[in-house]
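Q: sequence plus predicted model, see below.
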Amino acid sequence: MRPLDRVASRVCPLDAVDVDTDQILPSRFLKRTKRSGFGPFAFYGWRYDEAGEPRPEFPINRPEHRGASILLAGRNFGCGSSREHAPWALQDAGFDVLIAPSFADIFRANCANIGVLTIELDEGSVSELFGRVGRDPAWELVADLRNQKLTGDGFEVDFKVDPHTRHRLLEGLDPIDLSLRHADGIAEFERGRPDWRPSIRLIPAREEPVRKELRPEGEGRMSFTMVPVEQLPEPFRTKVEGVQALGGDPSFFQFAANARPVVDFYWGDFYGSLFFNGTLPIRVKELVRLRLAAHSGCGFCQVGDAESARQHGVTDEEIEAVMALELDRFSAAEQAALAIADLTAATQPPEPADPSLLDELQTHFSDAELVELFTVVGVLNGMGRMLVATGFVPTTCEVPTPE
């Protein structure tokens, strides 16, 4: 976290009280897998109209307030839920300093943890600031944390920040940084712990890489460099443990760790956004993914995908029906989506879809949803074919297919 000492900026006024964290960042935007990128969604319901176009009257959208690093608001700012994403969104939108008569306690703590300064002023001072900014949007305010003063042309007021938070902000220390400052003491404490207590076993790096041969004799052999499980960083170690818990072979994740940026992008920004965001109902995506896992014959994929499907409301009976091709229990829209999955499955030869199926799909899904559906099916099939072709996933299950 970067240090914060002095911020000089124009002020963006948000003259509203009891602004809660869902208004700051609506819950539908909480599915991102990284802390960055929330700025465009800050105050989304107020900032954009139904068509997604910026509302010109909203303060952040007004030209005179763009680029401001100080946000001025009414009392009880940041109330509601404890979501950390709300401060993330404000910081990503460019705000380093928030001023209000009062803040919700958890929200204020979450701001301090990422380097955003919250300043509480009395109602009179806040009202004066709203007046000054309203009369002259170009008026600049200086927030001096070291001296705990707010100053501007014709304006000066002291503010208080508790010493611990002030120290952390000035030094740029988040909670992890604070812990690491005691690394020597922690190490000394661990050395004195009795052997029978839980401990983290440090395993030295292997001198020679692990290599694994896939496919039995006579079918062609492939040999890949596998990163040892004990050397895997997160999230690879969690992936491996999950696969092992399902009785599967984690080799692909050990292999994928050789190119972490590529896989981080695939699991996070790409696949994570594609599968868990968008407009196509998540239930439809889960059913399609289950059906394609059944076709590929990947046993641990089927178990893992079934667990995910249950979390999104798919019943055990429906899971069994997907695997057994008993599709009459599903809605017409779901049957059409499963039909296109069957037609394009990795175990099937390529074949053009019947026009009636495409008509049926267009009856139930918008163009945007169809783009999403086709992309999900294409990505899952592509990965399925690759895993089978390279021997990482043996085809061990037979799945009934349409006649």
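A: Nice, thanks for sending it over. All figures in this text were calculated on a predicted structure; none of them were measured in a lab.
Q: if I look at Asp136, how far off is Gly154?
A: Noted for Asp136: a distance of 10 Å to Gly154, by CB to CB, to the nearest Å. All C-beta atoms are positioned from the backbone trio N, CA, C, and that covers glycine.
Q: so which of the two has more stuff around it?
A: Between Asp136 and Gly154, counted using other CB atoms under 10 Å, Asp136 has the larger neighbour count: 12 against 8.
Q: and the pLDDT for the more buried one?
A: pLDDT for Asp136: 96.
Q: cool, Arg310 as well?
A: Here, the pLDDT recorded for Arg310 equals 88.
Q: same deal with the one 5 residues further on?
A: In the predicted model, Thr315 carries a pLDDT score of 90.
Q: what is the burial count for it?
A: For Thr315, using other CB under 10 Å, the count is 11.
Q: how far away is it from Asp184?
A: The gap separating Thr315 from Asp184 is 54 Å, by CB to CB.
Q: and if you look at Glu369?
A: For Glu369 relative to Asp184 (CB to CB), the value is 56 Å.
Q: likewise Ala293?
A: Look at Ala293 and Asp184: by CB to CB, they are 49 Å apart.
Q: quick one, which of these two is more surrounded?
A: Per other CB under 10 Å, whichever of Ala293 and Asp184 has more neighbours is Ala293, with 27 against 8.
Q: ignoring the adjacent residues along the chain, who's closest to the more buried one?
A: Nearest non-adjacent residue to Ala293, counting by CB to CB, 6 or more residues apart in numbering: Cys301, 4.2 Å away.
Q: do Arg166 as well
A: The shortest distance from Arg166 to any non-neighbouring residue, by CB to CB, 6+ apart, is to Leu145 (6.4 Å).
Q: surely that neighbour touches Ala112?
A: No: Leu145 lies out of contact with Ala112 (CB atoms under 8 Å); the separation is 11.4 Å.
Q: now do the shared contacts for those two.
A: Jointly contacting Leu145 and Ala112 under the rule CB atoms under 8 Å, 6 or more residues apart in numbering are Leu169.
Q: Asp342 and Leu290 touch, don't they?
A: No: using CB under 8 Å, Asp342 is not in contact with Leu290, being 12.0 Å away.
Q: neighbour count: those two, which is higher?
A: Each of Asp342 and Leu290 has its neighbours counted (other CB under 10 Å); Leu290 has more, 24 against 20.
Q: so what does the helix or strand containing the more buried one touch, helix or strand wise?
A: Assigned by DSSP states H and E, Leu290 belongs to helix 282-296. For helix 282-296, the packing partners by 3 or more CB pairs under 8 Å, 6 or more residues apart in numbering; DSSP states H and E come out as helix 271-276, helix 299-311, helix 316-324, helix 332-344, helix 367-389.
Q: helix 332-344 and that one, what's the angle between them?
A: For helix 282-296 against helix 332-344, the angle by axes from the mean of the first three to the mean of the last three CA atoms, to 10 degrees is 30 degrees.
Q: can you give the distance of helix 282-296 from its chain's centre?
A: Between the centre of helix 282-296 and the centre of its chain there are 22 Å (CA atoms, centre = their mean, to the nearest Å).
Q: can you name the residues that contact Gly313?
A: Contacts of Gly313 by CB under 8 Å, 6+ apart are Arg283.
Q: before we move on, what SS does it have?
A: Three-state assignment for Gly313 (DSSP: H, G, I helix; E, B strand; the rest coil): coil.
Q: pLDDT score for the residue nearest to Ala293?
A: Cys301 carries a pLDDT value of 72.
Q: quick one: average confidence on stretch 169-184?
A: The average of the pLDDT scores along stretch 169-184 is 92.
Q: export that stretch as CSV, just CAs?
A: Backbone C-alpha positions of stretch 169-184 (Å, rounded to 0.1, in the frame of the first residue of the first chain) are rendered in CSV as follows:
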residue,chain,number,x,y,z
LEU,A,169,-1.3,5.7,6.3
LEU,A,170,1.8,7.9,6.5
GLU,A,171,4.1,4.8,6.3
GLY,A,172,1.9,2.9,3.8
LEU,A,173,1.4,-0.1,6.1
ASP,A,174,-1.4,-2.5,5.5
PRO,A,175,-2.2,-5.3,8.1
ILE,A,176,0.2,-7.7,6.4
ASP,A,177,3.0,-5.1,6.4
LEU,A,178,2.4,-4.6,10.1
SER,A,179,2.8,-8.3,10.7
LEU,A,180,6.0,-8.6,8.6
ARG,A,181,7.6,-5.9,10.7
HIS,A,182,7.6,-8.5,13.5
ALA,A,183,9.0,-11.3,11.3
ASP,A,184,12.0,-11.9,13.5
